[in-house]
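*Asks:* sequence below, structure please.
(one chain, ligands or ions: 1)
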Amino acid sequence: MNVFQRATDLSAYLSKRKQSGVRSVGFVPTMGALHQGHISLINKALEEGSEVVVSIFVNPTQFNEAADLDNYPRPIENDLKLLIAAGVHTLFLPDADEIYGNNYRSEQIDLKGLDESLEGAHRPGHFQGVANVVRRLFDIVQPDLAYFGQKDYQQTLVIKRVVELYHPQVNIRVMPIIREENGLAMSSRNVRLQPEAREQAGKIYGILNQLKVDAGKMELEHALSLAEERVEKMEATRLDYLVVIDEASFEEAMSLQEERSYVALIALYYHGVRLIDNLYL
Ligand code: AMP
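*Replies:* Below you'll find the model as predicted:
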C-alpha cells in the first residue's frame, strides 16, 4: 500500500496513474479507528473504482468539543493492517499542517441551513468543518467517485452541497449503515462505551424499528412520543433529538403520506458518549 503524507506527492502519483490509463479514482475519506462500516465503503470503492484512495485525518475543525477531539481513538497500526488486508492501494495520511497550512483559509460555505438544524444546531461549527475539509480533500484527490455512510445522514447532504458548489464532477455514493450484532450502528466512538452499555445501546435501533412499526398504525406525533419514552427508560441517556424528516425537503414531518419517503433521525448521549442513528420509515 502506498502511504502519502504530502498532498503534492499524492496528486503527482494520481496524475501519473491517470496518464497510465487508470479509469477512475474512488475515494473514501475517514477519521480512522476503522471498523466494518468503513470497510464496507472501501469494498464498494474497490468493486467500482480502478484506483482506491482512503484518507485518515482526524479533522480538528469539525469537533465542537475539545474533549471529544482529545478522546477520539487513533489506533493507526491497526488501521494500517485493516487497510492492507482490505486491498487498498493508496492511503493519504496528512497532518493538520498539510491540510490547513500554506495560508489555506477555511470559508463560510453556504450549506442552505443544513448547518443550523439538528446535527448542525447541536454541534455548532461541525458541518462547516466537514464541508471545508471535504472540499480540500476533493481538491487534492480529484476523485471520480466518493463513498460516504448513511450513518451520518445529514452529513451526506452537506457533502452533496459541497459537490454541487465546488466539485460537480464527483459522483457521491451513499452506503447502508453497518451494525454490530445487537443492532448498534458501528462507530469509532463505540469503543468508549463499557461492554454492558455497548450491549444495551443496541436498544436504540430497536426503538427506531418500533417507531417505524408504530408510525404505520398511529399518528406520527404519538408514535414519536412513545419512542421518546422508550429512550428515557434506557438509563444514562440524554436525548438531543428524535425526529422524522421528509427525505425530499429535509423538513420535519408532521404526518406521513403515501408515496413520500421519510427518515427517522436520532442523536443522544448514552453513558456520556454521543451516538447518532437513523432509519428509513
Ligand atoms: P468517520 O471516520 O466517522 O468520519 O466516517 C467515515 C465514513 O464512514 C463516513 O462516510 C461515515 O458515514 C462512514 N461510516 C461510519 N460509520 C458507518 C457505519 N456504521 N456504516 C456505514 N458507514 C459508516
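
*Asks:* distance from whichever strand or helix holds Asn209 to the middle of the chain?
*Replies:* In the assignment (DSSP states H and E), Asn209 maps to helix 203-215. Relative to the chain's own centre, helix 203-215 is displaced by 21 Å; criterion: Cα atoms, centre = their mean, to the nearest Å.

*Asks:* does the ligand sit close to that helix?
*Replies:* No - under the criterion of Cβ under 6 Å from any ligand atom, the ligand is not reached by helix 203-215; the shortest gap measures 11.1 Å. Just so you know, the C-beta spots here come from the backbone N, C-alpha and C atoms, and that holds for glycine as well.

*Asks:* outside of that helix, which residues touch it?
*Replies:* If you take Cβ atoms under 8 Å, 6 or more residues apart in numbering as the criterion, helix 203-215 is touched by 179, 182-185, 222-224, 226-227, 230-231, 234, 244, 256, 262, 264, 266, 268, 270, 275, 277-279, 281.

*Asks:* also within reach of the ligand: list those from those residues.
*Replies:* Ala185.

*Asks:* just the buried ones from the contacts of helix 203-215?
*Replies:* Buried members of the contacts of helix 203-215, counted by 16 or more other Cβ atoms under 10 Å: 179, 183-185, 223-224, 227, 230-231, 234, 244, 256, 262, 264, 266, 268, 270, 275, 277-279, 281.

*Asks:* so which of these belong to strands?
*Replies:* Assigned to strands by DSSP state E, the following of these qualify: 244, 262, 264, 266, 268, 270, 275, 277-279.

*Asks:* farthest-separated two in those residues?
*Replies:* Between any two of those, the greatest separation by Cβ to Cβ is 24.1 Å, found for Tyr262 and Tyr270.

*Asks:* ok and the residue in the stretch 101-250 of the chain nearest the ligand?
*Replies:* Proximity of the stretch 101-250 of the chain to the ligand (Cβ to the nearest ligand atom) peaks at Gly149, 2.2 Å away.
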